[in-house]
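> Here you go, sequence then predicted model.
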Amino acid sequence: MPELPEVEVTRLSFADRISDARILQVRLGQPLRWPLGCAPSDLSARVIQGVRRRGKYLLLDLDRGLLLLHLGMSGSLRFSDAVPLPGTHDHFDLVTDKGTLRLNDPRRFGAVVYASDSSDPMARKLLDHLGVEPLGGGFELSHFAAALRSRRTSIKQVLLAGDVVVGVGNIYACEALFHAGIRPTAQAARLSLTRVRRLHLAIQTVLQQALASGGSSLRNFSNAHGQTGHFQTKTMVYGRAGQPCHVCTRPIRLLRQGQRSSFFCVGCQT
DNA sequence: AAAAGCCCCTGGATGC
DNA sequence: TGCATCCAGGGGCTTT
């Protein structure tokens, strides 16, 4: 569910309000992808200094240690003063003196993990292999092109793998490839520099547009105030199998790549 | 090192 | 209405 825009929209919706908050209590629901990594009571009295994002992870910096949050496929966060009794899928509550951050995640692919610092083995396992951030300055065309040259697999799968560039999930990979005029099946290593340049730009453009739209809310995504995004109504190919291409009117095609759906236009993407 | 497949889990949509 | 099947925005792990 949540790709970079959704995670960033979530971060922006509560980062200021939770900053400098003191943790009062931590409540756990059903197990998530990994154990918390410390006793919930260990976190009491720690102060949240800020919220960063790395790829699709949110990093809550504490005065000692940090919390890594991942929303998986179906997770969303809420931050509020009044907190009702936890529902079936509320699996983590971070109660602070400024409000409660609650993770709701029906499929429980999400995670909340404590790390003592950035060299903590768990933090390294989850973060060290991540590729470059597509927004924010470090995403250089020359590096992107060089990284693609060593990949014999399809460009779509390279984008989803996240070790070249982070944050691009299924929706935005499909959309970026459409904007760049590249078929998802094209071999990454064989893309011309012209096409790589178009893709490099398209990734940034699509992600920024999604960010400006509040992300995509396909099922249940909403930001920490419960507001939904509306980028899903603007997609050119994602979720539009059989419908006419907005550019050339040919029907959008659907294929499977690595157990995931790829949507593309045979007329606009070569 | 890179690539491909397999899982983890629940819920909604679809079809019989 | 009931049941089976398929599908879903991720990504670490194992095997090749």
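Right, received. Where do you want to start?
> tell me the secondary structure for A:F92?
Secondary structure state of A:F92, per DSSP: H, G, I helix; E, B strand; the rest coil, is strand.
> Could you tell me how many residues sit around it?
Using other Cβ atoms under 10 Å, A:F92 has 25 other residues around it. Yep, even glycine has a C-beta here, placed from its N, CA and C like the rest.
> got the contact list for the nearest residue to A:S217 once chain neighbours are set aside?
Of all residues not flanking A:S217 in the chain, A:T228 sits nearest, at 3.8 Å (Cβ to Cβ, 6 or more residues apart in numbering). Residues in contact with A:T228 (Cβ atoms under 8 Å, 6 or more residues apart in numbering) are A:G214, A:S217, A:F221, A:S222.
> try 7 Å
Going by Cβ atoms under 7 Å, 6 or more residues apart in numbering, A:T228 touches A:S217, A:F221, A:S222.
> same check, this time on A:A21
Here A:A21 is in contact with A:I48, A:T96, A:D97, A:K98 (criterion: Cβ under 7 Å, 6+ apart).
> my read: A:I171 touches A:Y238, true?
Yes - A:I171 lies in contact with A:Y238 (Cβ atoms under 7 Å); the separation is 4.7 Å.
> Switch the contacts of A:T228 over to CSV; also include pLDDT.
What follows is those, written out as CSV (pLDDT from 0 to 100):
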residue, pLDDT
A:S217, 86
A:F221, 82
A:S222, 88
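> who wins for most neighbours among those?
The most neighbours, when the contacts of A:T228 are compared by other Cβ under 10 Å, belong to A:F221, which has 23 neighbours.
> secondary structure element for that one?
According to DSSP states H and E, A:F221 maps onto no helix or strand at all.
> ok, now how distant is it from DNA strand C?
With the distance defined as Cβ to the nearest atom of the strand, to the nearest Å, A:F221 ends up 3 Å from DNA strand C.
> Over to A:L24?
Note on A:L24: its distance to DNA strand C, by Cβ to the nearest atom of the strand, is 29 Å.
> can you check A:I203 too?
13 Å.
> Tell me how far the spatially closest residue to that residue that is not a sequence neighbour lies from A:A186.
Of all residues beyond its chain neighbours, the one nearest A:I203 is A:A176 (4.6 Å), with distances taken as Cβ to Cβ, 6+ apart. From A:A176 across to A:A186, the span is 13 Å (Cβ to Cβ, to the nearest Å).
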